[in-house]
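sequence and predicted model, in that order:
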Amino acid sequence: MQNKNPIIDDLLAAALPHVAFDGWSDATFKAAADDVGVDISLARSLCPRGAVDLAIAFHKAGDAAMVERLGTEDLTDLRFRDKIAAAVRFRLEAIDDKDLVRRGSALFSLPQYAADGAKLIWGTADAIWMKLGDSSDDVNWYTKRATLSAVYGSTVLFWLGDETQGHTATWAFLDRRIEDVMQFEKFKATMQKNPLISRMFEATLGRVRAPAARPMQDVPGQWADDVKETP
């Protein structure tokens, strides 16, 4: 992954061999800076939280590899649910060493970094939906990413403990999780055909909109009444 500053890429590459022994820790960060020959003060100016920032960069590099592969694989004949499964599989196959993810999971399970971990998983789900052409701009934008985040998170945990040849057990687990989501979506669609429920839905969630680029603000979403047409 190409970061804004190539030194971050160098630090990340140098850190990976140390993670298996020291985790995403300050010791790893200092060792990476030493290996690259970068002054530690410069390294900290680029990564203020040290190895935490490198762990985030590692996750985003996996997302980038997945997106790149989705752009080269021919998924035309697949059902949409199978495209989703393929994307999650590509994301996991972008990882060469499970220990890097295992150590990252331990890091982001800490209370002070839990929000970062949740944001990363959400970002992975968002990258998948965007690459597969999701055009929703209402509450479905959120529910799609929330359900896929849950699927991805549970699949990663299963994959970390999977020792079957070719991770066949993981892909079967993934298919079952996606089938559960599909059944929920069918139930939701059936319920929304009910006039009363449809009106209740519109009254409570009908005005929710997906995030949009808004100058000087960083908000998770917006109400329909907040959207102003640009001239």
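Sure, I can see it.

residues contacting the residue nearest the centre of the chain?
For the chain, the residue nearest the mean C-alpha position is T124 (1.9 Å; C-alpha atoms, centre = their mean). Residues near T124 by C-beta atoms under 8 Å, 6 or more residues apart in numbering: H59, G62, D63, M66, R91, S149, Y152. Every C-beta, even on glycine, is put in place using the N, C-alpha and C of the backbone.

do V101 as well
V101 sits next to I95, V156, L160 when contact means C-beta under 8 Å, 6+ apart.

which of those residues tops the neighbour count?
Comparing these by number of neighbours (other C-beta atoms under 10 Å), V156 comes first, having 21 neighbours.

correct me if wrong: it contacts S105.
Yes: the pair V156 / S105 is scored as a contact, 7.5 Å apart, by C-beta atoms under 8 Å.

distance of L54 from D137?
Using C-beta to C-beta, to the nearest Å, one gets 35 Å for the distance from L54 to D137.

so the two - more neighbours on which side?
Comparing L54 with D137 by other C-beta under 10 Å, the one with more neighbours is L54, at 26 against 14.

ok, the more buried one to L107 distance?
Distance from L54 to L107, by C-beta to C-beta: 10 Å.

report the longest helix in the protein, please.
helix 168-192 (DSSP state H).

which element is T76 on?
Here T76 sits in a region with no helix or strand, counting by DSSP states H and E.

and it, what are its phi and psi?
Main-chain dihedrals, T76, degrees, to the nearest 10: phi -50, psi -40.
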